[in-house]
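A.B. asks: sequence and predicted structure below; questions after.
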Amino acid sequence: MMKVVVINASPRRGGLISQMLGRIVAALPPECRVDVLTVCDLQVKPCTGCMRCRSLGRCVLPEDDAHCVAELIRACDALIVGSPCYWGAMPGQTKALFDRMVYALMGERPNGMPLPLHRGKPAVVVATSNTAWPFNVWFHQTSGVIRSLKEIFRWSGFRLAGTLQKGGCRKRGALTPREIAKCKKLARKIC
Ligand SMILES: Cc1cc2nc3c(=O)[nH]c(=O)nc-3n(C[C@H](O)[C@H](O)[C@H](O)COP(=O)(O)O)c2cc1C
């Protein structure tokens, strides 16, 4: 059974990211096991930068939701991230979650070089912003979100299989038929 982890970085219930992720999940084959995580519902303390996870392979902070998500990601076959653009990047809570999960994403070779733990696994990203198209792409709004996630994927080994960037969300609160079709296409790139 293919295990898919979905990270919803938007705190807006029923917002555009939630709609997009809903469409993608609905288009996944029924035999997939899908875990959908809404970041604003999680309790995640910020990383303290102690670096002990690098040698221990686990986080030494008191048990919270970051530990649980890290275990789900460790065991996943594919990753889907949906993130609104906040100041040209992913929201802080989501960044804090990824900061806490380095050990489940990337190891260290004996020579100190990074060791990707998810080599070749597919990932897709959907991103939204109020900035309208094409400025959301040109001025690193939705493309800024994707760029920051790509950095995580590069060192953890996830292969970016597809993206969907939607700008102008303040005025356009619903997905277009074209965007819905793109969501279905993204699901096929995962499974
Ligand atoms: C704290 C905050 C920062 C934001 N920063 C930006 C930004 O830098 N650029 C932008 O185009 N939109 C910005 N927005 C608007 C969000 O991107 C927009 O509300 C979101 O993409 C809508 O998607 P959702 O319904 O899935 O949450 C910001 C919104 C908030 C709450």
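C.D. replies: Yep, that arrived. Remember, it's a predicted structure, so these values are computed and weren't measured experimentally.
A.B. asks: can you list the residues of this protein near the ligand?
C.D. replies: Contact residues (CB under 6 Å from any ligand atom) of the chain with the ligand: 10, 12, 15-17, 84-88, 128-131, 141, 169. The C-beta positions use only the backbone N, C-alpha and C, and glycine is treated the same way.
A.B. asks: so is residue 71 in a helix, a strand, or just coil?
C.D. replies: The three-state assignment at residue 71 reads helix, by DSSP: H, G, I helix; E, B strand; the rest coil.
A.B. asks: how about the contacts made by it?
C.D. replies: residue 104 (CB atoms under 8 Å, 6 or more residues apart in numbering).
A.B. asks: got it, and residue 95?
C.D. replies: Neighbours of residue 95 in contact, by CB under 8 Å, 6+ apart: 89, 148.
A.B. asks: report the buried members of the residues of the chain next to the ligand.
C.D. replies: 10, 15-17, 84-86, 88, 128-129, 131, 141, 169 (16 or more other CB atoms under 10 Å).
A.B. asks: which two of the residues you listed have the greatest separation?
C.D. replies: 15 and 88 (18.4 Å; CB to CB).
A.B. asks: okay, and residue 4 sits in which element?
C.D. replies: strand 3-8 (DSSP states H and E).
A.B. asks: between the buried ones among the residues of the chain next to the ligand, which is closest to the ligand?
C.D. replies: residue 15 (2.3 Å; CB to the nearest ligand atom).
A.B. asks: where exactly do the helices run in this structure?
C.D. replies: 16-26, 52-56, 65-74, 92-100, 102-105, 135-138, 142-156, 177-190 (DSSP state H).
A.B. asks: can you redo these as TSV with mean pLDDT?
C.D. replies: Formatted as TSV, these follow (pLDDT from 0 to 100):
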stretch	mean pLDDT
helix 16-26	98
helix 52-56	94
helix 65-74	98
helix 92-100	98
helix 102-105	98
helix 135-138	98
helix 142-156	98
helix 177-190	97
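A.B. asks: what's the strand holding residue 4 in contact with?
C.D. replies: 17-18, 21, 24-25, 28, 32-39, 69, 72-73, 75-83, 94, 97, 190-191.
A.B. asks: drop anything exposed from those residues.
C.D. replies: Buried among the contacts of strand 3-8 by 16+ other CB under 10 Å: 17-18, 21, 24-25, 28, 32, 37-39, 69, 72-73, 76-83, 94, 97, 190.
A.B. asks: can you list contacts of stretch 141-149?
C.D. replies: 81, 83-85, 88-90, 95, 123, 125, 127-129, 131, 135-137, 140, 163, 165-167.
A.B. asks: sorry, back to before: give me the subset of the residues of the chain next to the ligand that lies in strands.
C.D. replies: Secondary structure from DSSP state E places 84, 128 of those in strands.
A.B. asks: of the residues of the chain next to the ligand, closest to residue 61?
C.D. replies: So of the residues of the chain next to the ligand, ranked by how close each gets to residue 61 (CB to CB), first place is residue 86, at 24.1 Å.
A.B. asks: just list whatever residues bridge to the closest one.
C.D. replies: Beta bridges link residue 86 to residue 89, judged by DSSP bridges.
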